[in-house]
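need coordinates for the below:
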Amino acid sequence: MAQDTLSENVASSRVRVKHSRPQERYEAYLGDEYIGYLDYVDEIEQVVITHTVIADRFSGQGYGGQLVRHVLDDIAPTHKPVVPVCPFVANFVDENPAYASMVVQISR
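You can find the predicted model right below:
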């Protein structure tokens with residue numbers, strides 16, 4: 001039972017996100033602890049999300065999803081389409097169809 005309580009507390013913890021425009025990176029923190037990042041390329045007509053990393057000890061706890069949600073919500077007001085090169089972000093959008101209208105596929 002104690003393990004269930006711990007898991008619920010961890011899952012309900014909110015990730016704090018810092019945006020570093022010069023690096024084209026969003027950094028995720030749990031309290032003051034750095035837990036991961038999401039890299040992107042801000043192009044004239046679109047935003048390409050290239051990579052998402054959450055530290056191993058924090059993976060599988062929903063923090064990556066919180067980070068991606070924050071990033072997509074931050075991009076939405078720009079009305080730029082998002083190209084999810086990162087498979088984690090593509091999967092997040094598949095599982096959260098409210099973001100599907102923001103996404104465009106890579107054209108070859």
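
top helix in the protein by residue count?
When the chain is parsed with DSSP state H, its longest helix is helix 63-75.

which neighbouring elements make contact with it?
On a contact count with 3 or more CB pairs under 8 Å, 6 or more residues apart in numbering; DSSP states H and E, helix 63-75 meets strand 16-20, strand 25-30, strand 33-42, strand 47-54, helix 87-95. (Glycine included, C-beta is placed from N, CA and C.)

what sits against residue 71?
Applying CB atoms under 8 Å, 6 or more residues apart in numbering to residue 71 gives the contacts 17, 26, 38, 40, 49.

ok, and the closest non-adjacent residue to the first one?
Spelled out, that is residue 17. Leaving out its chain neighbours, the residue that sits closest to residue 17 by CB to CB, 6 or more residues apart in numbering is residue 70, at 4.5 Å.

kindly report the same for the second one.
Nearest in space to residue 26, with sequence neighbours left out and distances taken as CB to CB, 6+ apart, is residue 38 at 4.6 Å.

pull the number of nearby residues for residue 99.
20 (other CB atoms under 10 Å).

okay, it: pLDDT?
Looking at residue 99, its pLDDT stands at 97.

which ones are touching it?
Per CB under 8 Å, 6+ apart, neighbours of residue 99: 72, 92-93.

stretch 72-79: how far from the chain's middle?
13 Å (CA atoms, centre = their mean, to the nearest Å).
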